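Student: here is a sequence together with a model predicted from it:
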Amino acid sequence: ATPLALMVGTGRGAQVGVLIKGPETLESTRKVDTVVLDKTGTVTTGQMTLVDVVVGEGETKEQTLRLAGALEGASEHPIARAIARGAGEMVGDLPAVESFENVEGMGVQGIVDGHAVVAGRESLLADWAQYLGPELKEAKLAAERAGKTAVAVGWDGVARAVLVVADAIKPTSKDAIRQLRELGLRPILLTGDNETVARSVAAEVGIDADGGNGSVIAEVLPKDKVEVVRRLQEEGRVVAMVGDGVNDAAALAQADLGLAMGTGTDVAIEASDLTLVRGDLRAAADAIRLSRRTLSTIK
Ligand code: ADP
Ligand code: MG
């Protein structure tokens, strides 16, 4: 291949909002047949807000928000930040956190105001023998069917509330996925979030979630995302991975082509071959189209 033509391709990339690490990247871009998309921050904006507080019998929203809000205030996770912000707006000053532990891909736990508090996935509470009662369970399922994330909250050994956090799908995601399909790529949604939430988001952006054909891979722990990419590669697929988070970095590096959202973390950007400068997924389709055009010019 002529280095000059590849350089021209790299320059055009900048015009369509794609930063390309090196000219040789165009070759792997051209061969990709599968595109794995992280959900939060990639297909969705990742800007979460606390939209509902559902409490069990005998509990108050205020106490739930004080304890869960304070605990989540010690975490950097987008879900945690939404809860801490929402709680602060609704109840004002939050108590101090006496101890705190982040459980990767699961939630948070610690001591607040003398109470042992847990917030996160239902299974994290189950580790402490805390189970949502029928009403809270129904509230959780209703939120998830609507594509929202339900955070279970418990303290002193009892599951007591569900906090509902919503994230908006980027307005460009659906069109981007249609374009990727037109280029012959198979889209797969990959997330640590719950299966029901993932399927709801997938359906909304046109990723085929039925037929059990693996278009939606949910409840994957951060450390296991890389394994999903490796497995697809073992099946003979040439895999592009698009992500934004620290928890996507290993998968981005493992993929045949890693694409980072320019709006994402530095770690994700460093692990990737391409950066979608504006965080617009349509630029991924532009990059693939561009690489095919550039390389057919050379050959
Ligand atoms: P994603 O792959 O969507 O970026 P993560 O792997 O970071 O998500 O988290 C997976 C799931 O773990 C979240 O959807 C949420 O249910 C739960 N979780 C993680 N961190 C927290 C937290 N700080 N508070 C509540 N829930 C959390
Ligand atoms: Mg993400």
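Tutor: Arrived safely. Ligands and ions are numbered 1, 2, ... in the order given.
Student: what about the strands in the stretch 151-299 of the chain?
Tutor: In chain order, the stretch 151-299 of the chain shows strands spanning 158-166, 186-190, 216-217, 239-243, 257-261, 274-276, with DSSP state E, counting those that start in this stretch as the criterion.
Student: let me have those in TSV, adding mean neighbour count as columns.
Tutor: Glycine gets a C-beta too; all of them are placed from N, C-alpha and C. Converted to TSV, the strands of the stretch 151-299 of the chain look like this (neighbours: other CB atoms under 10 Å):
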stretch	mean neighbour count
strand 158-166	22
strand 186-190	23
strand 216-217	20
strand 239-243	30
strand 257-261	28
strand 274-276	27
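Student: CSV for those, including distance to T44 and mean pLDDT?
Tutor: Written out in CSV, the entries for these read as follows (distance: least, CB to CB, whole Å; pLDDT from 0 to 100):
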stretch, distance to T44, mean pLDDT
strand 158-166, 9, 97
strand 186-190, 10, 96
strand 216-217, 14, 95
strand 239-243, 12, 97
strand 257-261, 11, 95
strand 274-276, 15, 93
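Student: for this structure, where's the lowest mean pLDDT among helices and strands?
Tutor: Comparing every helix and strand of the chain by mean pLDDT, DSSP states H and E singles out helix 3-15 as the least confident one, with a mean of 62.
Student: quick one: G56 and E135 touch, right?
Tutor: Yes. Counting by CB atoms under 8 Å, G56 touches E135, with 6.7 Å between them.
Student: and these two? Which one has more around it.
Tutor: When G56 and E135 are compared for neighbours, G56 comes out ahead with 19 against 13, by other CB atoms under 10 Å.
Student: spit out the contact partners of that one.
Tutor: G133, E135, L136, A159, R160, A161 (CB atoms under 8 Å, 6 or more residues apart in numbering).
Student: quick check: the fourth one vs V242, distance?
Tutor: Read it as A159. Here the distance between A159 and V242 works out to 35 Å (CB to CB, to the nearest Å).
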